[in-house]
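J.: curious how this folds, go ahead:
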Amino acid sequence: MARRLLVVQVAGLGHDFLVASHGSDAWGGLKFRPAASVFPALTCPVQASVRTAAPASSHGMVFNGHYSRPLRRPSFWEQSSALVAGPRVWDELRAAGKRVGMLFWQQSLGEQVDVLLSPAPIHKHHGGMIDAVYSRPAGLYDELVRRVGRRFKLMSYWGPLASAKSSQWIADATAELLTMPEVMPDLLFTYLPHLDYALLRHGPSSPKAAQALADTETIVRSLAEKAVGTGCHVVVFGDYAFGDVRRVLYPNRLLRERKLLAVRDVRGRLYPDLHASGAFAVVDHEVAHVYVQDPKAIAPATEALRLTEGIAGVFEGRELEPLGIAHANAGEIVLVADKGTWFAYPWWDGKAQQPDYATHVDIHNKPGFDPCELFFGWPPPFATSTDASRIKGSHGRVGKGRDVAVAATCDLPNQPKNLVELAAMIRTLITQS
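T.: Residues are numbered from 1 along each chain as shown. Model prediction:
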């Protein structure tokens, strides 16, 4: 490869959103064009597809987490790279003695790369947390903290205090890495998350989303200019496009009403009993996987879900193949929300019944994605909200109006029609002599 390559993922950078809200399809030397995302259009499936140039049916990352059938337990945001199956687009590059890096990408721990940063807090036994970042080489994070002048704050990355400070720190660290020839790899992936927060909180049609997009442009322009100035080509891509939402659906409440989901009453709080349940919906934005333990539950669950207003698609069996998600990790039934609708995980009916974790930021243990964690709730002090009506934007669907934005400072072999094609082109760029 003649020049190094920096690949910048911008969360939530939809092409229609960029053009309609910003009034332009170019940021300096970056001319954006549309490309289809992968299904489901979620962070982890997209990142897995970009590193493997394959759909979810191949790499197995079917949502932002993993459902363990032996344990009968879902978990979100697990970081092991072993969760993503398949060869990487950089395998040939590393075989030739070149170096690869990943900054703040999911499922990166244990990945076959040379440079790595990933949030990895230490949760103390009696409560509290040590804010820490996993680093390869071991001293890289401390050196970048010294150069950037501040530490990375996990609270700016997710939760009620999540903000553009997370993207700014990652961009600043990436820019510093560009000036460290002894460390800077030949291919570097980095991630700018903060636009996602504004779009979830306020929706893509809101003025606050437009302001967040303007902040994103400032960060991306500066980073791209610094990269080009150090001899790097730059590829920028959005991972998914948002839609405004006005309605929330609760698939697990429906399954509980049909006696397909069992619960445990523990001192008045209701916890899911997945060992005794016939079916459970692991929700993730506009998509949900219904894992059916009892085959006899498939038909009644499917029937009930197909009759539910607000669900655009109920897919099972071979119907998953055209979606690119036919994999053992997927649920027996996959749901896609209707336009303007998203899925929430609760199975309980009132606050008195909610599990203790409902009002906390608990991204790994909640059995569903919970965007309400972006808001403070009350009471008690510092609790997170449980008011799903506060969510104004969501993603996961693909199709009309949901293309993402892609741009490069170099000539791509062709205009990619989708992100899998973009990944294949990145592989071509980095392996050509």
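J.: pLDDT of the helix or strand hosting Ala198, averaged?
T.: For Ala198, the host element (DSSP states H and E) is helix 194-202. For helix 194-202, mean pLDDT rounds to 98.
J.: and the contacts of that helix?
T.: 10-13, 17, 162-167, 206, 208-209, 211-213, 215-216, 242, 371, 374-375, 390-395 (CB atoms under 8 Å, 6 or more residues apart in numbering). To be clear about C-beta, it is placed using only N, CA and C from the backbone, and glycine gets the same treatment.
J.: what angle sits between the helix or strand that that helix is followed by and helix 194-202?
T.: Remark: after helix 194-202, the chain's next helix or strand is helix 207-229, criterion DSSP H and E. Inter-element angle recorded for helix 207-229 and helix 194-202: 170 degrees (by axes from the mean of the first three to the mean of the last three CA atoms, to 10 degrees).
J.: could you shift the numbering so residue one becomes 59, and keep it that way?
T.: Right, with 59 as the first residue, what we last looked at is helix 265-287.
J.: where do the strands sit along the stretch 309-458 of the chain?
T.: 321-324, 327-330, 337-342, 345-350, 369-374, 391-395, 399-401, 451-452 (DSSP state E, counting those that start in this stretch).
J.: turn the ones you listed into TSV, columns for distance to His260, mean pLDDT and mean neighbour count.
T.: Shown next, in TSV, are these (distance: least, CB to CB, whole Å; pLDDT from 0 to 100; neighbours: other CB atoms under 10 Å):
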stretch	distance to His260	mean pLDDT	mean neighbour count
strand 321-324	33	97	13
strand 327-330	31	97	19
strand 337-342	20	98	28
strand 345-350	21	98	26
strand 369-374	23	97	18
strand 391-395	19	98	24
strand 399-401	14	98	26
strand 451-452	7	98	26
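J.: show residues contacting stretch 210-230.
T.: 161-162, 177, 179, 187, 189, 191, 199, 203, 206, 208, 231, 248-253, 255, 270, 273-274, 277-278, 280-281, 419, 421, 431-434, 442.
J.: what does stretch 482-491 give?
T.: Stretch 482-491 is contacted by residues 59-60, 63, 65, 108, 111, 147-148, 150-151, 154, 156, 244-245, 291, 293, 468, 470-472, 474 when judged by CB under 8 Å, 6+ apart.
J.: redo that, cut-off 10 Å
T.: Residues from elsewhere that reach stretch 482-491, judged by CB atoms under 10 Å, 6 or more residues apart in numbering: 59-63, 65, 108-112, 145-154, 156, 158, 244-245, 247, 291, 293, 295, 464, 466, 468-474.
J.: those residues, buried ones only, as a PyMOL selection?
T.: In PyMOL syntax, the buried subset of those is picked out as below (16 or more other CB atoms under 10 Å):
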select buried, resi 59+62+63+65+108+109+110+111+112+146+147+148+151+152+156+158+244+245+247+291+293+295+464+466+470+474
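J.: in helices, which of the contacts of stretch 482-491 appear?
T.: 108-110, 149-153 (DSSP state H).
J.: pLDDT wise, what is the residue nearest to Lys156 when sequence neighbours are not counted at?
T.: Counting by CB to CB, 6 or more residues apart in numbering, Lys156 lies nearest to Asp244, which is 4.2 Å off, once chain neighbours are set aside. You'll see Asp244 listed with a pLDDT of 96.
J.: pretty sure Asp244 contacts Arg61?
T.: Yes. Contact between Asp244 and Arg61 holds when scored by CB atoms under 10 Å: they sit 8.9 Å apart.
J.: sorry, back to before: would you turn the strands of the stretch 309-458 of the chain into CSV with distance to Phe134?
T.: Formatted as CSV, these follow (distance: least, CB to CB, whole Å):
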stretch, distance to Phe134
strand 321-324, 20
strand 327-330, 15
strand 337-342, 8
strand 345-350, 12
strand 369-374, 22
strand 391-395, 17
strand 399-401, 14
strand 451-452, 16
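J.: which among these is found nearest to Val173?
T.: Closest to Val173 of the strands of the stretch 309-458 of the chain, according to CB to CB: strand 337-342, at 29.2 Å.
J.: any idea how far Ser139 is from the closest residue to Ser166 other than its chain neighbours?
T.: Once flanking residues are discounted, Ser166 sits nearest to Met160: 4.7 Å by CB to CB, 6+ apart. Distance, Met160 to Ser139, by CB to CB, to the nearest Å: 9 Å.
J.: now for the two: what residues contact both?
T.: Counting by CB under 10 Å, 6+ apart, the common neighbours of Met160 and Ser139 are 109, 166-167, 169, 171, 174.
J.: take those residues and keep only those in strands.
T.: In strands, defined here by DSSP state E, the members of the shared contacts of Met160 and Ser139 are Leu174.
J.: most neighbours of all the shared contacts of Met160 and Ser139, which one?
T.: Using other CB atoms under 10 Å as the neighbour test, the shared contacts of Met160 and Ser139 are led by Arg109, with 29 neighbours.
J.: how many other residues sit next to the closest residue to Ala140 other than its chain neighbours?
T.: Nearest non-adjacent residue to Ala140, counting by CB to CB, 6+ apart: Gly168, 6.4 Å away. Per other CB under 10 Å, the neighbour tally for Gly168 reads 12.
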